[in-house]
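>>> okay, here's the prediction I keep looking at, along with the sequence it came from:
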Amino acid sequence: MRAPERSTGPGALRGSAWRVLGQALCLAALALPAAAQIVNGVAEPEVTIVNGCHLWPYAQCANADLRGANLVGKDLHGADLRGARMMRANLRSANLAGALLDGADLTGAMAFSLNAPGASFRNASMAGINLETSRLMRADMQGADMRGASLEAARLNMANLADVVLVDADLQETKFWGTNLKNAKLERAILRFTIFPDANLEGCSGCPTDW
């Protein structure tokens, strides 16, 4: 007995096309990040998890191990990163507005164009960090070790840099509008086109005397 011939008409072709489309949609769904969720028809950003730390706004990651972590463009506003180990982490264009990084170790971190107004870096280790063009208005960096750091064209309006160490730092075009630099150390820092209007320079070593 002959087996029935498979239909090759237009209807069969349309059915085949629908099956291929269905398979493609299933594969696309599987390709979505595991942490992505659809809210009002829009996929929310993927949550980055590093050594058990869920990195999102207001994350609770005190003392976390984030050494060398890729955090480019991450929104971490309000996050608790006190005491975190973030040596050589990549924070380029990340958002740390209002975040807590007191006592954190950011030695050698790449934080170009970081957005961190109102963030707290008290007594943080930040030697060699790259903060070029960063926005650090009203940030609290009292007692931070920033020797050899690059803050070229960074904005530190109204920031607290009392007792900070900026020895050998690159401060070209940095804006210190109303900044508290009391007892700061700026020996051998590059101050080309740096401005200090209304800054508190009391006891600051290496600061200019003509502002």
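The structure has been received and is ready for your questions. On a predicted model such as this, the values are computed, not experimentally measured, just so you know. Numbers count the residues shown, from 1 in each chain.
>>> C-alpha only now, for contacts and for neighbours.
Will do.
>>> and the closest residue to residue 64 other than its chain neighbours, what is it in contact with?
Distances taken as Cα to Cα, 6 or more residues apart in numbering place residue 84 nearest to residue 64, at 4.7 Å, with adjacent residues excluded. With contact set as Cα atoms under 8 Å, 6 or more residues apart in numbering, residue 84 has these partners: 61, 62, 63, 64, 65, 66, 101, 103, 104, 105.
>>> mind redoing it with 10 Å?
Residue 84 is in contact with 61-67, 100-106, 124, counting by Cα atoms under 10 Å, 6 or more residues apart in numbering.
>>> same question, residue 148
For residue 148, the contact set (Cα under 10 Å, 6+ apart) comprises 108, 126-130, 165-171, 188-189.
>>> which of those sit farthest apart?
The span of those, defined through Cα to Cα, is set by 108 and 188 at 19.2 Å.
>>> could you pull out the helices for the protein?
Applying DSSP state H to the chain gives helices spanning 10-31.
>>> low pLDDT regions in it?
When residues are selected by pLDDT under 70, those of the chain lie in 1-46.
>>> need the buried ones from the contacts of residue 148 selected in ChimeraX.
Those of the contacts of residue 148 that count as buried under 16 or more other Cα atoms under 10 Å are selected in ChimeraX with:
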select :108,126,127,128,129,130,165,166,167,168,169,170,171,189
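>>> and which of the contacts of residue 84 is nearest to residue 117?
Nearest to residue 117 among these, counting by Cα to Cα, is residue 100 at 11.2 Å.
>>> what does stretch 195-202 rub up against?
Stretch 195-202 has contacts (Cα under 10 Å, 6+ apart) with 157-162, 171-184, 207-211.
>>> that stretch spans what distance, first to last residue?
End-to-end distance of stretch 195-202 (Cα to Cα, to the nearest Å): 16 Å.
>>> mind checking how far it is from the chain centre?
Centroid separation between stretch 195-202 and its chain, computed with Cα atoms, centre = their mean, to the nearest Å, is 27 Å.
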